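Enquirer: give me the fold of what follows.
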Amino acid sequence: MAFRSLKTAALLLLPIPFAFVGAVLALYVRNMNVNVSTGVGFATVFAVSMMDGILMVRAINTARARGVSLDEAIVEGRVSRLRPGLMTSVVAVLGLLPASLATGLGSDVQRPLATVIIWGLSCSTVLTMFVVPVLYRLFAPGLPAQEAEEAGDRRGSEGVA
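Expert: Model (predicted):
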């Protein structure tokens, strides 16, 4: 609803499968079970990865609203969100790495959580930075102002016909 576009909403949901694949792969490789701790990790990873997508789409839409061409806006939006997205992911990955490798008391709870977040966030960040701009270009959702004008044009032409 914030972007007033079904295409944009679909683009914003794309990082969730990216994060899911990375997290499930991590659980499989590390031979871990799905439990409450991994559920919390999945929820965290989904929220952070979706926020990365939202920020990228917003940056692209802002550039387009300034009159920049679609391709230039995609490049500008991706470049402007690359460093913040990477910093968020790298800080989380480095911060949770000791918890992911822990074997001491209480590690049965923190290890699956950290594993899901590390792998899910890593996979999601890489794919979001490269796949979402490509799909944005393919689907090229309209800006909210453009969509309102197009809807007004359609209503006006319907009244004439």
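
Enquirer: where in the chain is pLDDT low?
Expert: 1-3, 143-161 (pLDDT under 70).

Enquirer: hey, where'd the helices end up in it?
Expert: 6-13, 15-29, 36-65, 70-101, 107-139, 144-160 (DSSP state H).

Enquirer: now do the third one against helix 6-13, angle only.
Expert: Calculated by axes from the mean of the first three to the mean of the last three Cα atoms, to 10 degrees, helix 36-65 forms an angle of 140 degrees with helix 6-13.

Enquirer: go on, the fourth one?
Expert: Angle of helix 70-101 versus helix 6-13, following the same axes, to 10 degrees, is 30 degrees.

Enquirer: in helix 70-101, what's buried?
Expert: Buried residues in helix 70-101, defined by neighbour count with 16 or more other Cβ atoms under 10 Å: 73-74, 76-78, 80-81, 85, 88-89, 92-93, 96, 99-100. C-beta here means a position set from N, CA and C on the backbone, and glycine is covered the same way.

Enquirer: now swap in the fifth one and tell me
Expert: For helix 107-139, the buried set under the neighbour-count rule, 16+ other Cβ under 10 Å, comprises 110-125, 127-129, 132-133, 136.

Enquirer: please consider this matter closed, and thank you.
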